[in-house]
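# My questions concern the predicted model and sequence given below.
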Amino acid sequence: MSGQDVTITLTVNDEEVTLPVEARTSLADLLRDHLGLTGTRLGCEHGVCGACTVLMDGVAARSCIQLAATCDGRHITTVEGLEGDPIADRLRDEFRNHHGLQCGFCTAGMIVSSTDLLRRKPAPSETACRTELAGNLCRCTGYVGIVRAVMAAAEAHRSATTPG
Amino acid sequence: MKPPAFRYVRAASSDEAVDHLVRAGADAALLAGGQSLMPMLNLRLSAPDMLVDINAAEDLQSAELLDDGTLRVGAGVVHSAVEDGLIPDATNGLLAHVAAGIGYRAIRNRGTVGGSLAHADPSGEWPLIMSAVGAAVTIKSPTGSRRLPVRELFVGYYTTVLAENELIVDVRVPPMRPTNRWSYRKFARKVGEFAQSICVAILDVHEGEITGADVWLGAAADVPLRLTTVEAALVGRPVESASDDIRDAVIEDLPESSGVGAGSAEERYLQHLRAVTVCRTLDQELSRR
């Protein structure tokens, strides 16, 4: 049985889209199934693993527990849309340099959450980094490489953007 | 892991939301941040027939200090706004400090103060804190509005006194006095998880002596618990000796274990953890204004 359809208009990675969705469709399923943006992952579908993290109106949000219907008029940035973002690009380099991933399933969520973190806190301590990323679970790495990568990206981004 | 089908409407104001609730009858749920509701729907723990989306209700979004210093927080204000100091401070930093420990940043960007109170999780931060500070909620119904102390809002696990056609529109926090000090402690095995034990103490201190105490414990019963024996033991003490020999009073205030888990290793551990949490809350240097 399918439920009621809602037509929504939203901006995804700077492109405006209008489409009907079943009311119970999550933003994650809209992104993945309707728009083919499969960078965003589904791990737990109840908000605890962080694999589904996107930026919604500029801030981190769990797309698995966000109804697409509530996103009418909103701006969504997925990991695909962060290509060219100076912080995200730096994170990608450092994730590679510091072995911040193995299977890669958590990585999109890590990149989005870390980008949001470094935008708010450009110079996090290691403790702050670990606390802020506590909502992004990784089953492979033990987080060591991830934390090193985020700290390194923070340092590199600060050096690159500090005048003089 | 997908929710069952439901109807969906958007309310442009709290009045419109009440209208929708009345027309929908018993099987409607309010959707604010959805950080508690949507997991329940995804896990099919709940299957409302209709969702009333109140995200666009602008009258729920603001926060301001009233003339008497009371902080009025719209029910739709998100935890991260409190965390980031984007609302006025009437509690000497307590609310912002507590907000920063709720879940994860992504959750805090969407979860709301009103939603947390309506959800009534006894391990939750706002049910505990808003009880301890003596806050009151404004509740809107088809017949008008009423004010209710948060201490009277919770009656059981995930259960409030709210009728099915009512919604919380704001919470009003009385201003702390210059003589107030607070201490707060949340214990979870992992950052962001719901508390295994959570305690807040707000003391009134005059010339180094405790003249009043509000000590509350969450995650220990089906509603936030007031520790009245501990409060009575604290009054008259010098503030530096707040936690001296207080453990007996704490034990007396802890709920008795009963039911299937009573006597189990886990229950003994939790009782011990609760006592330690309260003692350490009182031990911590209490924030000075």
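Good, I have the coordinates. Numbering: from 1, shown residues only, chains lettered A, B, ... in the order given.

# and residue 78, how many neighbours?
Just going to use chain A. By other CB atoms under 10 Å in any protein chain shown, the residues close to A:Thr78 number 23. Every C-beta, even on glycine, is put in place using the N, C-alpha and C of the backbone.

# oops, I was thinking of chain B
23.

# how about it, what does it touch?
B:33, B:108-113 (CB atoms under 8 Å, 6 or more residues apart in numbering or on different chains).

# For residue 160, grab the count of nearby residues.
Defaulting to chain A. By other CB under 10 Å, the residues close to A:Ala160 number 9.

# my bad, the chain I had in mind was chain B
Neighbours of B:Thr160 under the rule other CB under 10 Å: 22.

# Buried residues of the lengthiest helix in chain B, list them for me.
Selection of the longest helix in chain B by residue count, based on DSSP state H, yields helix B:265-283. For helix B:265-283, a neighbour-count test (16 or more other CB atoms under 10 Å in any protein chain shown) marks B:270-271, B:274-279, B:281-282 as buried.

# elements contacting that helix?
Judged by 3 or more CB pairs under 8 Å, 6 or more residues apart in numbering or on different chains; DSSP states H and E, the packing partners of helix B:265-283 are strand B:180-187, strand B:197-206, strand B:209-218, helix B:228-234, helix B:247-253.

# Repeat the analysis, applying 7 Å as the threshold.
strand B:180-187, strand B:197-206, helix B:247-253 (3 or more CB pairs under 7 Å, 6 or more residues apart in numbering or on different chains; DSSP states H and E).

# what residues does chain A put near chain B?
Residues of chain A found near chain B (CB under 7 Å from any CB of the partner chain) are A:1-4, A:6, A:23-24, A:45-47, A:53, A:59-62, A:65-67, A:69-70, A:116, A:131-132, A:134-135.

# Quick one: buried ones out of these?
Buried among these (16+ other CB under 10 Å): A:3, A:6, A:23-24, A:45-47, A:53, A:59-62, A:65-67, A:69-70, A:116, A:131-132, A:134-135.

# Cross those residues against strands and list the overlap.
The strands, defined by DSSP state E, take in A:6, A:53, A:59-62 from these.

# which stretch of helix or strand covers B:Ser46?
For B:Ser46, there is no helix or strand it lies in under DSSP states H and E.

# What strand or helix carries the closest residue to it other than its chain neighbours?
Nearest non-adjacent residue to B:Ser46, counting by CB to CB, 6 or more residues apart in numbering or on different chains: B:Met40, 4.3 Å away. B:Met40 is located in helix B:37-42, with elements delineated by DSSP H and E.

# what element comes up after that helix heading to the C-terminus?
Heading C-terminal from helix B:37-42 (DSSP H and E), you reach strand B:50-53.

# Next, the residues that contact that next one from outside, please.
Outside of strand B:50-53, the residues within contact range by CB atoms under 7 Å, 6 or more residues apart in numbering or on different chains are A:70, B:6-11, B:17, B:20-21, B:24, B:27-31.

# what sits against the residue nearest in space to the middle of chain A?
The residue lying closest to the centre of chain A (CA atoms, centre = their mean) is A:Val112, at 2.9 Å. Counting by CB under 7 Å, 6+ apart, A:Val112 touches A:53-55, A:60, A:79, A:82.

# Please repeat the previous calculation with a cut-off of 8 Å.
A:53-55, A:60, A:77-79, A:82, A:88.

# what's the answer for B:Lys190, then?
Here B:Lys190 is in contact with A:Ala134 (criterion: CB under 8 Å, 6+ apart).

# Where does pLDDT dip in chain A?
A:1-3, A:164 (pLDDT under 70).

# who's in contact with the lengthiest helix in chain A?
When chain A is parsed with DSSP H, its longest helix is helix A:144-161. Applying CB under 8 Å, 6+ apart, the contact partners of helix A:144-161 are A:86-87, A:90-91, A:93-95, A:97-101, A:110, A:114, A:117-118, A:122-124, A:126, A:129-130, A:133, A:138.

# from the contacts of strand B:50-53, which ones fall inside helices?
Checking these against DSSP H, those in helices are B:17, B:20-21, B:24.

# any chance of these in TSV, plus neighbour count, distance to B:Glu209 and pLDDT?
Shown next, in TSV, are the ones in helices among the contacts of strand B:50-53 (neighbours: other CB atoms under 10 Å in any protein chain shown; distance: CB to CB, whole Å; pLDDT from 0 to 100):
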residue	neighbour count	distance to B:Glu209	pLDDT
B:Ala17	28	48	97
B:His20	19	53	96
B:Leu21	24	49	96
B:Ala24	19	55	92
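
# from those residues, which single one is nearest B:Asp170?
Nearest to B:Asp170 out of these is B:Ala17 (CB to CB; 13.7 Å).

# which non-adjacent residue is nearest that closest one?
Going by CB to CB, 6+ apart, B:Ala17 has B:Ala11 as its nearest residue, at 3.8 Å.

# so that neighbour makes contact with B:Asp59?
No. Between B:Ala11 and B:Asp59 there is no contact under CB atoms under 8 Å: 10.4 Å.

# Among those two, which residue is more densely surrounded?
Using other CB under 10 Å, the more surrounded residue of B:Ala11 and B:Asp59 is B:Ala11, with 22 against 17.

# Check the more buried one and give its pLDDT.
You'll see B:Ala11 listed with a pLDDT of 97.

# Ok, the one 4 residues further on next?
Reading off the per-residue confidence, B:Asp15 sits at a pLDDT of 97.

# Which helix or strand contains the closest residue to it other than its chain neighbours?
Nearest non-adjacent residue to B:Asp15, counting by CB to CB, 6+ apart: B:Lys140, 7.4 Å away. In this structure, B:Lys140 sits in strand B:136-141 according to DSSP H and E.
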